[in-house]
Structures are given as C-alpha cells and as structure tokens.
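Participant: what's the 3D shape of this:
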Amino acid sequence: MKIELDALEGKLEQLVQLSQRLRAENRQLRQELATALSQSRQMNDKMENARQRLENLLAQLPEDSE
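Facilitator: The predicted structure is shown next:
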C-alpha cells in the first residue's frame, strides 16, 4: 500500500508541475498574441494610410486624352 501511495504521490507531483508549466506557457502565448494583434492593427492602419495617399495621387494625375 505504501508503494502505491508513493507512486500516486509522484504522479500527482508530476501533474502539478505540468500544470504550472502549461499555465506559464499559456500566459506567454497570450502576451505574444496580444503583441501580434497590436502589430497587425498598426500594419493595417499604415496600409490604409498608404492606400488613401495613393488614391489622392491618382486623383491628381491628368486624365488620359485618347
């Protein structure tokens, strides 16, 4: 019985350690996701700004007279 309890205790300790590692990894992944989403929003804003500038430049070009 003692051997079985020791084995169970060892497995429980492994489970606790795994749970702690997964929580830490989850926190890190959430932070990375937040950073990636922020960068994506910034890039979309820059692309929209560039699109608007290009449209303005195209509107200023003379019409083709053919």
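Participant: so how far is stretch 23-30 from its chain's centroid?
Facilitator: How far stretch 23-30 lies from its chain's middle: 11 Å, per Cα atoms, centre = their mean, to the nearest Å.
Participant: which residues are contacting it?
Facilitator: Around stretch 23-30, nothing counts as a contact under Cβ atoms under 8 Å, 6 or more residues apart in numbering. Every residue, glycine included, has its C-beta placed from N, CA and C.
Participant: In that stretch, which residues are buried?
Facilitator: When burial is assessed from 16 or more other Cβ atoms under 10 Å, stretch 23-30 yields no buried residues.
Participant: mind checking how far the residue positioned nearest the centre of the chain is from residue 43?
Facilitator: For the chain, the residue nearest the mean C-alpha position is residue 33 (1.9 Å; Cα atoms, centre = their mean). With distances taken as Cβ to Cβ, to the nearest Å, residue 33 is found 15 Å from residue 43.
Participant: what do you get for residue 57?
Facilitator: 21 Å.
Participant: Tell me where the chain has helices.
Facilitator: Using DSSP state H, the helices of the chain run over 2-60.
Participant: which intervals of this structure have sub-threshold pLDDT?
Facilitator: Along the chain, the parts satisfying pLDDT under 70 run over 65-66.
Participant: change it to 90
Facilitator: 62-66 (pLDDT under 90).
Participant: I'd like the distance from stretch 31-39 to the chain centre, please.
Facilitator: Worked out by Cα atoms, centre = their mean, stretch 31-39 lies 4 Å from the chain centre.
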